[in-house]
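generate a structure from the sequence data that follows.
(one chain, ligands or ions: 1)
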Amino acid sequence: MPELSPFNIINRIKSTGRSRFIEKLMPDDSIKSISQAQEILLEKTSNKPSHIPRITSLGSHFAYNVPEDRPEYKPLITSPNAIRDLQLSKDKDFFDITCGNKIYHDSKIFPYSMSYSGFQFGQFAGQLGDGRVLNLFDLPDNKGRFQTLQLKGSGKSPFSRFADGKAVLRSSIREFVVSEFLHNINVPCARVLQLTLLPGTKALRNGLEPCAVLCRFAPSWIRIGNFDTYRSRPDTKSLVSLSKFCIDEVFQNGKTFATTKHDINTFSKDWFPDGNDEKVKENSSQENKEPLRIDTPLSKYDLLFRHIVNLNAICVAYWQAYGFVNGVLNTDNTSIMGLSLDFGPFGFMDTFDPGYTPNHDDINGMYALGNQPTAIWFNLTQLAHSMALLIGSGQNGIIDIKELNEEQEKQLVIRANKLIGLCANEYKYRFTITYADLMARRLGIELNIRDKNVSDPTVVYEDDETKQTIQSRAERAKLFCSTIVEPLLNILKLTKVDYTQFFVNLQNFDKNDIPDQMSIEEDIQKDENYISCFITAKQRHEYIEGKGKSKINSGEMRLLNETFKEIQEWTTEYRLWLTSGPSPIEISKRYNPLFIPHNWILEEVINDITVNQRDALVDDTTPLDLSLLKKLTLMCSNPFDSTQWEPQLCADASKRWLTYTGYEKTLGRLNTQSTCSS
Ligand SMILES: Nc1ncnc2c1ncn2[C@@H]1O[C@H](COP(=O)(O)OP(=O)(O)OP(=O)(O)O)[C@@H](O)[C@H]1O
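Numbers count the residues shown, from 1 in each chain. So this is what the prediction gives:
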C-alpha cells in the first residue's frame, strides 16, 4: 500500500470524521442533544454533571462527557504504525486532542462514554460502562475503515461508580506495549496511538502512582457487556437498535457475514467431539430432542450472532497459539469484533503451562490459559441469552418481550437454542482449525485448512464451506493436533524451555538438517543444536553427566530418558509433515515473533521510568530518558524483523529480552502474576 501524506487531525475530522454511535443511537437521557451537551458540559465548572455517577435512564447507550482538566500533559510515545495508518501528522493539535487537553466538537460530534454491563467471574455485575474512557470521534484509516478514537484515563464519567476515572502510568505503559505487539503479530486487537503522562496527577493504587492518558482506537468498542444491559433491564427497543447498529455500521451492512452458501446446518454435527468417540456424532437439541437444524432462512440477527461467535473463536485461537492470557475474561472485556481488549493483569506464558494465569486474584484459574476458549464461549452464550428475542424470532417480526404469549415464547426458545447449538459446533470448528493452522505455520507446515487470506482474521467465510471441505479440514486438523501439537506441548510442558524461543530456534532447521533415525544416546552430542530446541542446557548437561554414573537409575534420569524418546518419536512424525515445498522458515517467519513482551520485561521498563526517574516525572526541567520504552516499542512494532530494532539503542536490553534465561537466573521464577489494580 502506498504511503499517504499525513494531515492535521482537526482537518481530518472536519473533512472525513463522524461519530457513528451518536448519529445512530442518540441518547434518550438527561442530556439529549449535542447542543445541550455543549451548553452544559463545556462550562467551566468543576462539578460537571457527567462526572457524577448515576444509573443512566432506560434506552441510553451512552452519555455525553468531557475530559477532566489536568494541571499538565507530557507526550511520551506515539505508535509509529498507528499514526501512519490513520494518516495523522504529529503536530500540536494531535498531542492536545490525544490527551484530552483540547476537545473537538461540532454539530454532529461530541465526546461520550458508553454504557455497558457485564458478567464478571460468572456473576452479573450490573451497570459498569466507560468509567474512565471517552470516545472522541471516528476517522477512516488508510483502508477506508472507520476507527473510533478513545481516551482512557481522561477522568470521571456517569459510569465511574466509586472510582476516580484515572489510569496509572504503569498500566497505561502495559496496555500501550501489549496492544502494539499483539496487533503486529496479527492477533485481532484494539490499537494504541499515543501515550501521554499527566505530571501532577496521581492515583492511589500500589501507593500514590503517576497517571497517564492513553489514546487508542478500534473499528468498534462494543462489548458483549453492551448487550447484557438490555437483558437485565428488558428493553426490546434498545436491543434492536444496538443490534442494527452493529450490523449496519460495525459490520458494514453485514458484508462479511455468512451467506446462504455457508449453511449453518453443516454444524448439526460436532466435528470435534470430546472424549475417545472418534465417530462424528449427529447432535440433537437438548431442549426438545428435535434434530439440531434450522430449516428457515437465517435472519440478519442470526447472522450477526453467528459472525460474533466466529470472530471470537478466531481471536481466542490466536491467544492459545501465542500463549497470551488476558487474565480477566468477563463479558465487559469481550469485544463483539473478537478483538483483544482490556489489558489488566495479562501475561504471555514463559514456558508452556495450560494452568497459567497471570492474574494473582484468579485463585481458581477460571481464566487460565487452558480455560480461555471455554470462558469466551460462556460469554457468547450470555450474548445469545441477551439476543434470544432476536435469534429466536427468525424471519418473523420481532415482538416486544413484554407482549410475547406462552406459545410464542416456547417457539422462540426452541429456535434460539437450536441456533446456539449450531453455533457451539461452529465455534469449536472455527477455533480448532484456526489454532491448528497457526500452530502448523509456526512449525513451518502448510496445512491448507484455511483460505489464503489468513492475514486478515476478520474474513471468516472466504470460500464455500461445504460439508466436504469442512469434513476434510476437520480431519486434517484433528490428525495434526493429535500427532504433532499435543505430543509437542507435552514435551514442552516437561522440559520448560522458553515457549516463544522454541519456535524461533526450530524454524532455523531445514528439513534436511533435522536428524533422521535419531539415536538419543549419540545424538544428544551429535545433534546438539537440534535437541537444544527442546531441552534446557541444564537438562542436557545433567544427562551427559549422569549417564554411566550412579545417577543412571534415578527418577530424574528416567524422566529425561522418556522425554528424549518422545522427542525422537515427535521428530519422526514432524519430518513426515514437512513437505518438499518451501523451507519451513519461509512459512513460519511471519508467524514466529522473535521476542515476547513478557511481564518481567514490562516491569523493567516501567521501573526504569516510574522508580529510577521518579523526580523527572514531576520536574519539567529534568529530561525523561525514554530509551528503554522506545526500544521495547520498536521491538513490538517490528516483532518479526530485528533489523528494525535500532541496534545502537539499548543493545544490552534487547539481548536480555530475547530469552528468559537471564531473568530466570536472577529471580528464579517464571510465569509470574500481577494484580488487577490499574
Ligand atoms: N479508575 C477507574 N475509574 C473509573 N472507572 C473505573 C476505573 N477502573 C475501572 N473502572 C471501571 O470498572 C469496570 C471494569 O474495569 P476494567 O479494568 O475491566 O476496565 P478498564 O480497564 O477501565 O477499561 P477498558 O475495558 O475500556 O480497557 C469498567 O466499567 C471500568 O470503566
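
and for residue 587, the neighbour number?
Burial of residue 587 is recorded as 21 neighbouring residues (other CB atoms under 10 Å). Heads up, the C-betas are built off the backbone N, CA and C, glycines and all.

give me the phi and psi for residue 460.
When read as degrees, to the nearest 10, the backbone of residue 460 gives phi -90, psi -50.

mind checking pLDDT for the closest residue to the ligand within the stretch 1-150 of the chain?
Nearest residue of the stretch 1-150 of the chain to the ligand (CB to the nearest ligand atom) works out as residue 131 at 2.2 Å. pLDDT for residue 131: 94.

what residues are up against the residue of the stretch 201-350 of the chain found nearest the ligand?
Closest contact between the stretch 201-350 of the chain and the ligand, by CB to the nearest ligand atom, is at residue 342 (3.5 Å). Shown in contact with residue 342 (CB atoms under 8 Å, 6 or more residues apart in numbering): 326, 328, 332-333.

out of those residues, flag the one nearest to residue 33.
residue 332 (27.8 Å; CB to CB).

quick one: contacts for the closest one?
116-120, 125, 128, 223-225, 228, 342.

rerun that using 7 Å as the cut-off
Contact analysis of residue 332 by CB atoms under 7 Å, 6 or more residues apart in numbering lists 116, 118, 128, 223, 225.

now swap in residue 624 and tell me
613, 616.

one more time with 10 Å
Residue 624 is in contact with 74, 76, 197, 199, 609, 613, 615-617, counting by CB atoms under 10 Å, 6 or more residues apart in numbering.

what's the pLDDT at it?
pLDDT for residue 624: 93.

which phi and psi does residue 146 have?
Main-chain dihedrals, residue 146, degrees, to the nearest 10: phi -70, psi 140.

grab the nearest non-local neighbour of it.
residue 138 (4.4 Å; CB to CB, 6 or more residues apart in numbering).

repeat for residue 12
Counting by CB to CB, 6+ apart, the residue nearest residue 12 is residue 139, at 5.8 Å.

now do the SS call for the one you found.
Residue 139 carries the three-state label strand when classified by DSSP: H, G, I helix; E, B strand; the rest coil.

same question, residue 102
Once three-state DSSP is applied, residue 102 turns out coil.

so the residue of the stretch 201-350 of the chain closest to the ligand is in which element?
Using DSSP states H and E, residue 342 sits in no helix or strand.

got the phi and psi for it?
phi 60, psi 90.

check the gap between it and residue 266 for me.
Here residue 342 is placed at a distance of 33 Å from residue 266 (CB to CB, to the nearest Å).

what about the ligand: which of the contacts of residue 342 touch it?
Among these, the residues lying close to the ligand (CB under 6 Å from any ligand atom) are 332-333.

what pLDDT is listed against residue 224?
On the pLDDT scale, residue 224 is placed at 97.

show me the contacts for the nearest residue to it once chain neighbours are set aside.
Excluding its sequence neighbours, the residue lying closest to residue 224 (CB to CB, 6+ apart) is residue 331, at 4.1 Å. Listed by CB under 10 Å, 6+ apart, the contact set of residue 331 reads 116-120, 122, 124-125, 128, 223-228, 375-376, 378-380, 382-383, 386.

buried ones among the residues you listed?
With burial judged by 16 or more other CB atoms under 10 Å, the buried subset of these is 116-120, 125, 128, 223-228, 375-376, 378-380, 382-383, 386.

for the closest residue to residue 304 other than its chain neighbours, give me its contacts.
Distances taken as CB to CB, 6+ apart place residue 247 nearest to residue 304, at 5.4 Å, with adjacent residues excluded. Residue 247 sits next to 253-254, 257, 300-301, 303-304, 307 when contact means CB under 10 Å, 6+ apart.

now with 8 Å?
Applying CB under 8 Å, 6+ apart, the residues near residue 247 are 253-254, 300-301, 304.

quick one: pLDDT of it?
On pLDDT, residue 247 comes in at 97.

helix/strand/coil for it?
Following three-state DSSP, residue 247 is assigned to helix.

and after the longest helix belonging to the chain, which helix or strand comes next?
Using DSSP state H, we find that the single longest helix of the chain is helix 406-442. Remark: after helix 406-442, the chain's next helix or strand is helix 467-480, criterion DSSP H and E.

okay, now the nearest residue to residue 357 once chain neighbours are set aside: neighbour count?
Spatial nearest neighbour of residue 357, excluding adjacent residues (CB to CB, 6+ apart): residue 368 at 4.1 Å. Neighbourhood size, residue 368 [other CB under 10 Å]: 20.

ok, residue 368 - contacts?
Contact partners of residue 368, counting by CB under 8 Å, 6+ apart, are 325, 354-357, 362.

so residue 220 makes contact with residue 337?
Yes. If you go by CB atoms under 8 Å, residue 220 and residue 337 touch, sitting 5.6 Å apart.

touching both of those two, which residues are there?
residue 250.

show me which positions of the strand ranked longest in the chain end up buried.
Using DSSP state E, we find that the single longest strand of the chain is strand 191-205. Buried residues in strand 191-205, counted by 16+ other CB under 10 Å: 191-199, 201-203, 205.

can I get the residues you listed in a markdown table including pLDDT?
Formatted as a markdown table, the buried residues of strand 191-205 follow (pLDDT from 0 to 100):
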| residue | pLDDT |
| --- | --- |
| 191 | 97 |
| 192 | 98 |
| 193 | 98 |
| 194 | 98 |
| 195 | 98 |
| 196 | 98 |
| 197 | 97 |
| 198 | 96 |
| 199 | 94 |
| 201 | 94 |
| 202 | 94 |
| 203 | 94 |
| 205 | 91 |
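
list, out of these, those positioned next to the ligand.
Counting by CB under 6 Å from any ligand atom, no member of those reaches the ligand.

can you name the two of those that sit furthest apart?
Once CB to CB is applied, the buried residues of strand 191-205 give 191 and 202 as the farthest pair, at 27.4 Å.
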